[in-house]
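Engineer: Here's a sequence, model it:
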Amino acid sequence: MILFPGVTHDGIRAILERILSELDRLKAVNGWEVISFSIGVVTFADGILSVDEFIERADSLMYEVKKHGKNGIRYSEA
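Structural biologist: As a prediction, the model looks like this:
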């Protein structure tokens, strides 16, 4: 889990797209064909979600990515 306090939904999209791109580059450079990255992202305003709800939503999004081919990002706003 990574928390980005104060970052907007659009801001986090830009950050994570760059991170995923760099991870893909590292995979190619190092020959890590069997590695994939499945990321679930939940953005929310302060106090709207409990920690458990936040983790459950992010985890569910990550598993959606895994079901649909892996190596991607799914987003949700709360």
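
Engineer: can you give me the helices for this structure?
Structural biologist: Assigned by DSSP state H, the helices in the chain fall at 9-30, 51-67.

Engineer: now those helices as JSON lines including mean neighbour count, mean pLDDT and distance to Ala45?
Structural biologist: C-beta: built from backbone N, CA, C; applies to glycine. Listed next are those as JSON lines, based on neighbours: other C-beta atoms under 10 Å; pLDDT from 0 to 100; distance: least, C-beta to C-beta, whole Å:
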{"stretch": "helix 9-30", "mean neighbour count": "12", "mean pLDDT": "92", "distance to Ala45": "10"}
{"stretch": "helix 51-67", "mean neighbour count": "14", "mean pLDDT": "93", "distance to Ala45": "12"}
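
Engineer: Adding distance to Ser76, write these out as JSON lines.
Structural biologist: As requested, those are exported to JSON lines (distance: least, C-beta to C-beta, whole Å):
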{"stretch": "helix 9-30", "distance to Ser76": "9"}
{"stretch": "helix 51-67", "distance to Ser76": "6"}
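
Engineer: Of these, which is nearest Thr43?
Structural biologist: helix 9-30 (4.4 Å; C-beta to C-beta).

Engineer: coming back round to it: looking at the helices of the chain, which is closest to Phe44?
Structural biologist: helix 51-67 (7.0 Å).

Engineer: which strands and helices sit next to that closest one?
Structural biologist: If contacts are counted by 3 or more C-beta pairs under 8 Å, 6 or more residues apart in numbering; DSSP states H and E, helix 51-67 sits against strand 38-43, strand 72-77.

Engineer: So Ser38 sits against Lys70, correct?
Structural biologist: Yes: Ser38 lies in contact with Lys70 (C-beta atoms under 8 Å); the separation is 5.3 Å.
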